[in-house]
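>>> no sequence on this one, just coordinates:
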Ligand code: F0G
């Protein structure tokens, strides 16, 4: 039985290596949850049946990538895999300078340093990812999001919900002045993997040029974004994903990328850019904290795997398969009336928990309660993007809760089959049908900063 009328094309690969997964009993999972303070970051991964915590670093590499690992040149400086990677990145992005980093957040840190961000500086984005925002904050600078208002309307359909509101951006620059960095995150992870149109990237680029502001893409999911452009922006429908990606990069001054997503690898990242002065500052700093600039905290073999992954991720067959998996999951949930952020994103389905569990107020952490139920009843791990992760306390002690209360079901690349997705759909439907039985939670240990990693909770009776 399939979950919707959509007929799935077979994946453009067959399986050569398998990794067994095991299903524990509900009784075992209840005990594991109690022992872990109801926090998934404390549960051993081997006790997870289907792991949808993240699409980051969880991809299955191809035989071509694994074979590349054997060709790792582990020389300290100027290894041959760096030149391969440099070549591939220059070809896709058109940027002159390439600097590998061990993952995305170190690339962000290096950019913040190279741009001399400090208390006097302001940065803007469609929506910064958490680590980018945190890196900007520790530099002392401020970070503002200008994603279009439609992004905050969960049921509203819009082709490019990740777009940056360019009118608001220009107003802001004129009134606040002195913006030191513009970042467009493709796709917008914080908003559910929603894409940004090429028209919007071009508009942002015009503004950045007009006011001479460095403009970078956070390219973690650039290939998924390129595929959305191909499907939804008519003007570009006859271009290949690679040609569209080349266009996307051509309008920015550089990019930073966590290769753990669309690099199809388990670790790695990079910066690519044209400005020689910024490049020099990045190189100086990284030699101290990240490694020599031709390896950036990675082994030669890792560089080879990224070079090969970046080539494979732009293959149209792959992107069609990837898109189809997400659509399949979305249609299966939609048919059962499950509320989630529409339209389906590039790498995740984000459940709209305010509508899923309307009986639990945000002060009782409904999204967290839903992730706990998904695990307790069905062995699935998902990520809470709700009031545990994003609430903040005002000076007067009052708590401010996030506008959207979400549970993210992130789909690792080339990892799960249609049967796994069917299991996920059945599980979510089962919880939706018994939602009244799900109760709120309370925090019994609050570590303050980034509390979702270390907090301990328990169910309210
Ligand atoms: N930018 C975006 C858009 C991301 O989604 C992430 C990571 C990063 C930067 C940071 O990259 O993890 O390699 O340091 N996102 C992961 C996630 C953690 O689960 O969405 P990193």
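Great, that's in hand. The structure displayed is predicted, hence computed values, not measured ones.
>>> Find the closest residue to the ligand in the protein.
Closest residue of the chain to the ligand, Cβ to the nearest ligand atom: residue 104 (2.5 Å). Every residue, glycine included, has its C-beta placed from N, CA and C.
>>> With adjacent residues omitted, what lies nearest to that residue?
Among residues not flanking residue 104 along the chain, residue 258 sits closest, at 2.6 Å (Cβ to Cβ, 6 or more residues apart in numbering).
>>> so where's the longest helix in this structure?
helix 316-335 (DSSP state H).
>>> So which elements touch it?
Packed against helix 316-335 by the contact rule (3 or more Cβ pairs under 8 Å, 6 or more residues apart in numbering; DSSP states H and E) you find helix 222-232, strand 348-352, helix 418-433.
>>> burial count for the closest residue to residue 460 other than its chain neighbours?
Ranked by Cβ to Cβ, 6+ apart and with sequence neighbours excluded, the top spatial neighbour of residue 460 is residue 440, at 4.8 Å. By the criterion of other Cβ atoms under 10 Å, residue 440 has 18 neighbours.
>>> roughly how far apart are residue 440 and residue 363?
8 Å (Cβ to Cβ, to the nearest Å).
>>> From the chain's centroid, how far away is the longest helix of the chain?
From the chain centre to the centre of helix 316-335 is a distance of 17 Å (Cα atoms, centre = their mean, to the nearest Å).
>>> ditto for stretch 62-72
The answer for stretch 62-72 is 25 Å, by Cα atoms, centre = their mean.
>>> Kindly report the same for stretch 365-381.
Here stretch 365-381 is found 21 Å from its chain centre; the criterion is Cα atoms, centre = their mean.
>>> and residue 303, what does it touch?
Applying Cβ atoms under 8 Å, 6 or more residues apart in numbering to residue 303 gives the contacts 72, 79, 81-82, 84-85, 100, 268, 295.
>>> In the longest helix of the chain, which residues are buried?
318-333 (16 or more other Cβ atoms under 10 Å).
>>> just stretch 157-175 next, same as before
Here stretch 157-175 shows 160-166, 168-170, 172-173 as buried, counting by 16+ other Cβ under 10 Å.
>>> Tell me which two in these are the farthest apart.
Longest distance between any two of the buried residues of stretch 157-175 is 23.0 Å, between 161 and 173; criterion Cβ to Cβ.
>>> List, one by one, the residues from the chain near the ligand.
Counting by Cβ under 6 Å from any ligand atom, the chain comes close to the ligand at 54, 56, 103-105, 129, 131-132, 185, 189, 218, 220, 258, 260, 269.
>>> Pick out the residue nearest the middle of the protein.
The structure's the chain has its C-alpha centroid closest to residue 189; by Cα atoms, centre = their mean the separation is 4.4 Å.
>>> Nearest spatial neighbour of it, chain-adjacent residues omitted?
Closest residue in space to residue 189, ignoring its immediate chain neighbours: residue 129 at 5.3 Å, by Cβ to Cβ, 6+ apart.
>>> count of residues packed around that neighbour?
20.
>>> same thing with the one 5 residues further on?
One way to gauge burial is a neighbour count; for residue 134, by other Cβ under 10 Å, it gives 17.
>>> dump the residue contacts of it.
Taking Cβ under 8 Å, 6+ apart, we find residue 134 in contact with residue 105.
>>> From residue 268, how far out is the residue of the chain closest to the ligand?
Between residue 104 and residue 268 the distance is 9 Å, computed by Cβ to Cβ.
>>> Tell me the residues that contact both of the two, please.
Residues touching both residue 104 and residue 268 (Cβ under 8 Å, 6+ apart) are 259-260.
>>> Give me the average confidence score over the helix or strand where residue 105 lies.
Per DSSP states H and E, residue 105 falls inside helix 104-114. Confidence for helix 104-114, expressed as mean pLDDT, is 97.
>>> Other residues contacting that helix?
Outside helix 104-114, the residues that reach it (Cβ under 8 Å, 6+ apart) are 99, 101, 129, 131-132, 134-136, 139, 141, 181, 216, 218, 220, 256-260, 269-271, 278-279, 281-282, 285-286, 289-290, 296-297.
>>> same question, stretch 26-39
With contacts defined as Cβ under 8 Å, 6+ apart, stretch 26-39 is touched by 24, 42-43, 47, 368, 372, 375-377, 379, 441, 444-445, 452-459.
>>> residue contacts, the residue nearest to residue 460?
Listed by Cβ under 8 Å, 6+ apart, the contact set of residue 440 reads 360-361, 363-366, 369, 459-460.
>>> can those residues go into TSV with extra columns for neighbour count, secondary structure and pLDDT?
Output for the contacts of residue 440, formatted as TSV (neighbours: other Cβ atoms under 10 Å; DSSP: H, G, I helix; E, B strand; the rest coil; pLDDT from 0 to 100):
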residue	neighbour count	secondary structure	pLDDT
360	23	coil	97
361	14	coil	97
363	12	helix	95
364	17	helix	97
365	29	coil	97
366	26	helix	98
369	25	helix	98
459	17	strand	95
460	12	coil	94
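>>> hang on, the earlier thing: sort the residues of the chain next to the ligand by pLDDT and name the bottom one.
Scanning the residues of the chain next to the ligand for pLDDT, the low point is residue 131. It has 91.
>>> what's the burial count for that one?
Neighbour count of residue 131, defined by other Cβ under 10 Å: 17.
>>> what does the one 4 residues further on give?
By the measure other Cβ under 10 Å, the count of residues near residue 135 is 24.
>>> What pLDDT is listed against it?
Per-residue confidence (pLDDT) for residue 135: 94.
>>> Over to residue 452?
Here the pLDDT value assigned to residue 452 is 86.
>>> Is it part of a helix or strand, or is it coil?
helix (DSSP: H, G, I helix; E, B strand; the rest coil).
>>> so it makes contact with residue 387?
No - with contact defined as Cβ atoms under 8 Å, residue 452 does not reach residue 387; the gap is 10.0 Å.
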